[in-house]
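Enquirer: predicted model follows, preceded by the sequence.
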Amino acid sequence: MKKKPQPGRNQCPRSPVGTQAALPLFRAQGGGHLLQVSSMGRIIAVPDLGIYHVSKWALEGFSESLHYEGAPLGIKVTLLEPC
């Protein structure tokens, strides 16, 4: 039996997975700067793109939390948010 495709499965995990790979390196070298890129999808929701919008809202919350959690370790976080 074939698995049904799961819409959005490829969008949500991308940013956290890349971040998880970078954090051990940042810790080992005593700091680093993580640059995350968001989009207008964090402000404006349109039909049929719900999963995309969820991923952008999650990225914003995750980046803000990581900003505070990483600061004592010398990890800086910048979230680029286009206007």
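Expert: In hand now; what should we look at? Numbering: from 1, shown residues only.
Enquirer: Thr78 and Leu35 touch, don't they?
Expert: Yes - applying CB atoms under 8 Å, one finds Thr78 in contact with Leu35, separated by 5.1 Å. Any C-beta I mention is one placed from the backbone N, CA and C, and that applies to glycine too.
Enquirer: can you count the residues close to Glu60?
Expert: 16 (other CB atoms under 10 Å).
Enquirer: the one 5 residues further on too?
Expert: Look at Ser65: counted by other CB under 10 Å, it has 11 neighbours.
Enquirer: does it count as helix, strand or coil?
Expert: At Ser65, secondary structure determined by DSSP: H, G, I helix; E, B strand; the rest coil is helix.
Enquirer: this structure: helices as residue ranges?
Expert: 14-29, 50-70 (DSSP state H).
Enquirer: any chance of a markdown table for the ones you listed, columns distance to Arg42 and mean pLDDT?
Expert: Shown next, in a markdown table, are the helices of the chain (distance: least, CB to CB, whole Å; pLDDT from 0 to 100):
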| stretch | distance to Arg42 | mean pLDDT |
| --- | --- | --- |
| helix 14-29 | 12 | 78 |
| helix 50-70 | 4 | 88 |
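Enquirer: quickly note the distance from the nearest residue to Val37 once chain neighbours are set aside to Glu60.
Expert: Once flanking residues are discounted, Val37 sits nearest to Leu80: 4.8 Å by CB to CB, 6 or more residues apart in numbering. Separation of Leu80 from Glu60 (CB to CB, to the nearest Å): 11 Å.
Enquirer: go on, Gln36?
Expert: Gln36 is 9 Å from Glu60, by CB to CB.
Enquirer: between these two, what contacts are shared?
Expert: Leu79 (CB atoms under 8 Å, 6 or more residues apart in numbering).
Enquirer: just give the closest residue to Glu60, not the sequence neighbours.
Expert: Arg42 (5.3 Å).
Enquirer: wait, what's in contact with that neighbour?
Expert: 53, 56-57, 59-60, 81.
Enquirer: of those, select the buried ones using a PyMOL command.
Expert: Entered in PyMOL, the line below selects the buried ones among the contacts of Arg42, by 16 or more other CB atoms under 10 Å:
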select buried, resi 53+56+59+60+81
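Enquirer: my guess is Leu66 contacts Thr78, does it?
Expert: No - counting by CB under 8 Å, Leu66 stays clear of Thr78, with 10.7 Å between them.
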